[in-house]
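Undergrad: Take this sequence and fold it.
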Amino acid sequence: MSKQLFPLVMADVALFCLDEEQRLRLLVTQRALAPAQGNWALPGGLLKPSQDSSMEDTARRVLREKVGLDAVPLEQVRVFSGDRRDERGWSLSVLYLALLPKDQVPAVAMHKTDAVAWIDPNSPDVELAFDHASMVQAALQALRAKVRDRKLPLHLLSPLFTLTELQRACEAVLDTTMDKAAFRRRLKEREGIDFEAVEGEEKRGRQRPAQCYRATQEFYF
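TA: All right, here's what the predicted structure looks like:
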């Protein structure tokens, strides 16, 4: 009788933020256990049918257990599968995309994790385990496609933000610079739908005070 094959089923999360210099960064963890012990990888883990009612539940549990994050907006990107992804056997993983402001990501090394780090997703300075380099590229492509399709990455920003901060977030995602006037014209199409001005709220800096905005209740990335 041939041996029945039961694939490993897991979830991995590509979580992005902006650093203090408004550069796009990706959260990675250093694995404490085999396989790939000591290597860097996306936060991820195996499905636990006794605890998880869905693959999204698996992703959320993994973020809580490994890096102490909860209530993170998630979006499914795609499924990765194959017989050579993991030395433990045939496996499939559902990849999720997440965006958060940096000040809302108090990520720390927890269960089965030796350390956490923020890396440049465009040119990682660490080698990622398994096929996670391909996952990062898939997540980046999905994120950029949304922004090119005129979606706004408001989850990367603080609850109150300026239009300049929003432009910098879009530029960080697309890894390019954008014309200010053209960008403001584009925003006019979304104002009132995705974001709205907050009366009486301004941010002060070296220039004149800038109007603050916030996401509307109808906003969806």
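Undergrad: So which helix or strand of this structure has the lowest pLDDT on average?
TA: strand 113-119 (a mean of 90; mean pLDDT, DSSP states H and E).
Undergrad: I would like the residues contacting that strand, please.
TA: Applying Cβ atoms under 8 Å, 6 or more residues apart in numbering, the set of residues contacting strand 113-119 from outside is 17, 19, 25-32, 38, 40, 43, 66-67, 107-109, 125-126. Glycine gets a C-beta too; all of them are placed from N, C-alpha and C.
Undergrad: which of the residues in it are buried?
TA: Across strand 113-119, burial judged by 16 or more other Cβ atoms under 10 Å covers 113, 116, 118-119.
Undergrad: just how off-centre is that strand within its chain?
TA: Centroid separation for strand 113-119 versus its chain: 15 Å, with Cα atoms, centre = their mean, to the nearest Å.
Undergrad: nearest spatial neighbour of D125, skipping sequence neighbours?
TA: Computed as Cβ to Cβ, 6 or more residues apart in numbering, the closest residue to D125 that is not its neighbour in sequence is I119, at 6.1 Å.
Undergrad: How about F161?
TA: Y213 (5.9 Å).
Undergrad: I'd say the one you found and F195 touch.
TA: Yes - under the criterion of Cβ atoms under 8 Å, Y213 makes contact with F195 at 4.8 Å.
Undergrad: so what's in contact with these two at the same time?
TA: With Cβ under 8 Å, 6+ apart, Y213 and F195 have common neighbours L166.
Undergrad: Downstream of the least confident helix or strand of the chain, the next helix or strand is which one?
TA: Once the chain leaves strand 113-119, the next helix or strand it forms, by DSSP states H and E, is helix 132-148.
Undergrad: gap between the next helix or strand after that next one and the chain center?
TA: Moving toward the C-terminus from helix 132-148, the next helix or strand (DSSP H and E) is helix 163-174. Put simply, helix 163-174 sits 15 Å off its chain's centre (Cα atoms, centre = their mean).
Undergrad: what's helix 163-174 packed up against?
TA: When contacts are defined as 3 or more Cβ pairs under 8 Å, 6 or more residues apart in numbering; DSSP states H and E, helix 163-174 sits against strand 8-18, helix 132-148, helix 180-188, strand 210-215.
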